[in-house]
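*Asks:* here are the coordinates; sequence isn't available:
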């Protein structure tokens, strides 16, 4: 939704300029085009008038409405006009802060996150200085929007919760509806336990009896898609019909197109290609009339292609496929590529061009798999970053607590012995020495803790450390529904190496194995010594069908290691048994037992071998 949906409506203590913006914000929540006509009419009467401040706030209201209508180029142009109307002098501090906010919000392209966060912190400080609660809420909204666009689910959710709290304080129903509606969107993306429909229903309830045809249409559209993806096509169809009716009533081109697209998708699933084709072509016609909607053309065109394919109207289908492919050239984004590949494959199959259809299908599968891999990598990196941040925060908190205790003790001593300056000085020296002693003791304690969690021979995490890491990663994986694989690795015929070459060479074999694996594992992976010549490998974000490739990389790296006391190639091998988290295997002990079972399978197959099982995947690999 655009800014007009949530521009703050609290007026009891708001300056006159913000009250003007709130007036048009409430009107835009119901009918953005009517609000734009009224604000332009009011601006026309202000031309040449002496009250430039009133003209300034009207101009900002226009900017807000243009952002709302997806007219980004127009909004940036009108921001420049507002800059020319900005009053001069210290009294215009509030106006300058609001103008800066709209300039940042209307900037095109991706956001430089560190630069944005710095500017946001400064803007919040200035907003607090002038006591502008409405601007603080607006800045909170901007932060939420940036994190949603970055697909940073955790950060976005936190920002939206704060926005919901801010809206409650200001009694702003439209702002609360935006926060809850966007939380529904994120819940659908993240597969949260709470159904996204619940958030959309709460958002609609927050609007109450407020005239809000435009706002309701947007929320109903999101709710309908959640119902559609949840399998409730009847409910989705009813809500898409409401979206279309409300948007048509207020001549909202964006909403009208979304209503047509939603109904086309429902009708395709219900095997009604004639109705789907009618709505898809209506959506295309809407997009052609509005420059800001050209990015939605691809969705509607895929629906045209799939409808014609179902109807076997082959003469019309071939040129529509070429039109769809041309759109992919104009917009080479991954999202567009996936949509085009899927629909083109279906259309080409209907035309009997099976070789081309197969190529498009392969491209669709490859693009989808790549997107899923990248998402898993991002999730795993985010988990690792959160784990490391939590660990650092805990250590810093312990140090801060120790420092606070020291300060309190010093204050108490100073109060009891204020008159004894010489004693105080002596105490200061003693405390300084005590602080140095404390720092040395803390360093020694940290070193001992590290030793307690490291294998003395190889420096790898020991059994206690790697088991604790597995338990933490399993808890995170269960909470966020992410994949996690464990593997037990055992050196083959290790006793013979010790018997023939001595235990010193055996130790060098174990050390060489750790060095070899360090080159191949990712930052979030962890290999620890499980006991003797056995190792536990923990791989967050990895599925079991990826483990054969991991085994092969580790094997090739180990084969190339030089081991003092052994010829090259050294001929030492290892076997691996792996398992992926799945229903029925949701504890560390259960996963270890299953991994150990597959390790025995690998050993029985002749060693130098890999065996694993995931939820829908089983493999045993004999390496030549």
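*Replies:* Alright, I've got the coordinates. All of these numbers come straight from a predicted model, not from anything done at the bench.
*Asks:* could you say what helices and strands the host helix or strand of residue 84 packs with?
*Replies:* Residue 84 is part of helix 72-85, with elements assigned from DSSP states H and E. Applying 3 or more C-beta pairs under 8 Å, 6 or more residues apart in numbering; DSSP states H and E, one finds that helix 72-85 contacts helix 52-68, helix 93-105. Quick note: C-beta positions are derived from backbone N, CA and C, even for glycine.
*Asks:* Tell me the buried residues in the following helix or strand past the last one?
*Replies:* Yep, that's helix 93-105 we're talking about. Next along the chain after helix 93-105, taking DSSP H and E as the criterion, comes helix 113-130. By 16 or more other C-beta atoms under 10 Å, the buried positions in helix 113-130 come out as 119, 120, 123, 126, 127.
*Asks:* Likewise for stretch 225-234?
*Replies:* 225, 226, 227, 228, 233.
*Asks:* With adjacent residues omitted, what lies nearest to the first one?
*Replies:* Going back to what we said before, that points to residue 225. Of all residues not flanking residue 225 in the chain, residue 262 sits nearest, at 6.8 Å (C-beta to C-beta, 6 or more residues apart in numbering).
*Asks:* Surely that neighbour touches residue 242?
*Replies:* No. Using C-beta atoms under 8 Å, residue 262 makes no contact with residue 242, being 10.3 Å away.
*Asks:* This protein - how does it break down into domains?
*Replies:* What automatic domain parsing lists as the domains of the chain is 222-381, 382-452, 463-622.
*Asks:* Quick check: of the buried residues of helix 113-130, which lies closest to residue 221?
*Replies:* Nearest to residue 221, judged by C-beta to C-beta, of the buried residues of helix 113-130 is residue 120 at 29.4 Å.
*Asks:* who touches that closest one in this structure?
*Replies:* By C-beta atoms under 8 Å, 6 or more residues apart in numbering, the contact set of residue 120 is 139, 142, 143.
*Asks:* Contacts only, for the first one.
*Replies:* Residue 139 sits next to 101, 120, 123, 124, 127 when contact means C-beta under 8 Å, 6+ apart.
*Asks:* Quick check: next helix or strand after the one helix or strand residue 325 maps to?
*Replies:* Using DSSP H and E, residue 325 falls within helix 314-330. The first helix or strand that comes after helix 314-330 along the chain, using DSSP H and E, is helix 334-350.
*Asks:* Show me what the strand or helix carrying residue 158 is packed against.
*Replies:* For residue 158, the host element (DSSP H and E) is helix 153-170. Applying 3+ C-beta pairs under 8 Å, 6+ apart, one finds that helix 153-170 makes contact with helix 133-149, helix 173-190.
*Asks:* neighbour count winner among residue 262 and residue 242?
*Replies:* residue 262 (24 against 18; other C-beta atoms under 10 Å).
*Asks:* Check which residues of the helix or strand that one falls within are buried.
*Replies:* If you go by DSSP H and E, residue 262 is part of helix 253-269. Buried residues in helix 253-269, counted by 16+ other C-beta under 10 Å: 253-268.
*Asks:* now the strands: where do they sit in the stretch 351-500 of the chain?
*Replies:* Secondary structure of the stretch 351-500 of the chain (DSSP state E, counting those that start in this stretch): strands at 484-491.
*Asks:* ok so, going back, among the buried residues of helix 253-269, which pair sits farthest apart?
*Replies:* Within those, 253 and 268 form the most distant pair, 22.7 Å apart (C-beta to C-beta).
*Asks:* which intervals of the stretch 401-550 of the chain have sub-threshold pLDDT?
*Replies:* Applying pLDDT under 70 to the stretch 401-550 of the chain flags the ranges 403, 406, 410-414, 416-452.
*Asks:* Tell me the pLDDT of the residue nearest to residue 225.
*Replies:* For residue 262, the model assigns a pLDDT of 94.
*Asks:* Most tightly packed of the helices and strands packed on helix 153-170?
*Replies:* helix 173-190 (a mean of 23; mean count of other C-beta atoms under 10 Å).
*Asks:* what's the average pLDDT for it?
*Replies:* pLDDT averaged over helix 173-190 gives 84.
*Asks:* Need the pLDDT of the closest residue to residue 144 other than its chain neighbours.
*Replies:* Distances taken as C-beta to C-beta, 6+ apart place residue 159 nearest to residue 144, at 3.9 Å, with adjacent residues excluded. On pLDDT, residue 159 comes in at 91.
*Asks:* and if you look at residue 215?
*Replies:* 90.
*Asks:* hang on, it is in a helix, isn't it?
*Replies:* Yes. The assignment for residue 215 by DSSP: H, G, I helix; E, B strand; the rest coil puts it in a helix.
*Asks:* Residue 207 is in contact with that one, correct?
*Replies:* Yes. Between residue 215 and residue 207 there is a contact under C-beta under 8 Å: 6.2 Å.
*Asks:* Overlap of the contact sets of those two?
*Replies:* In contact with both residue 215 and residue 207: 174, 177, using C-beta under 8 Å, 6+ apart.
*Asks:* For these two, indicate the residue with more neighbours.
*Replies:* Neighbour tally, residue 215 and residue 207, criterion other C-beta under 10 Å: the higher count belongs to residue 215, 28 against 17.
*Asks:* Against residue 67, how distant is the more buried one?
*Replies:* Note on residue 215: its distance to residue 67, by C-beta to C-beta, to the nearest Å, is 15 Å.
*Asks:* repeat for residue 23
*Replies:* Noted for residue 23: a distance of 17 Å to residue 67, by C-beta to C-beta.
*Asks:* what about the stretch 151-300 of the chain, any weak spots by pLDDT?
*Replies:* 189-194, 289-295.
*Asks:* Try it again at 80.
*Replies:* Scanning the stretch 151-300 of the chain for pLDDT under 80 picks out 151, 188-195, 287-296.
*Asks:* I'd like the domains of the chain written out as TSV, with distance to residue 203 added.
*Replies:* Output for the domains of the chain, formatted as TSV (distance: least, C-beta to C-beta, whole Å):
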stretch	distance to residue 203
domain 222-381	9
domain 382-452	27
domain 463-622	24
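*Asks:* ok and the host helix or strand of residue 550 relative to strand 484-491, angle-wise?
*Replies:* Secondary structure assigned from DSSP H and E places residue 550 in helix 547-559. On the basis of axes from the mean of the first three to the mean of the last three C-alpha atoms, to 10 degrees, helix 547-559 is oriented at 40 degrees to strand 484-491.
*Asks:* Show me what counts as buried in helix 547-559.
*Replies:* Counting neighbours by 16+ other C-beta under 10 Å, one finds that the buried residues in helix 547-559 are 547, 548, 550, 551, 554, 555, 557, 558.
*Asks:* what do you get for stretch 463-470?
*Replies:* 465, 466, 467, 469, 470.
*Asks:* Name the nearest of the residues you listed relative to residue 581.
*Replies:* So of these, ranked by how close each gets to residue 581 (C-beta to C-beta), first place is residue 470, at 10.4 Å.
*Asks:* thought that closest one was touching residue 486?
*Replies:* Yes. Residue 470 is within contact range of residue 486, at 6.3 Å (criterion: C-beta under 8 Å).
*Asks:* Would you map the helices across the stretch 451-600 of the chain?
*Replies:* Applying DSSP state H, counting those that start in this stretch to the stretch 451-600 of the chain gives helices spanning 463-480, 494-501, 503-520, 547-559, 588-604.
*Asks:* Adding distance to residue 93, write those out as CSV.
*Replies:* Listed next are those as CSV, based on distance: least, C-beta to C-beta, whole Å:
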stretch, distance to residue 93
helix 463-480, 44
helix 494-501, 74
helix 503-520, 56
helix 547-559, 59
helix 588-604, 58
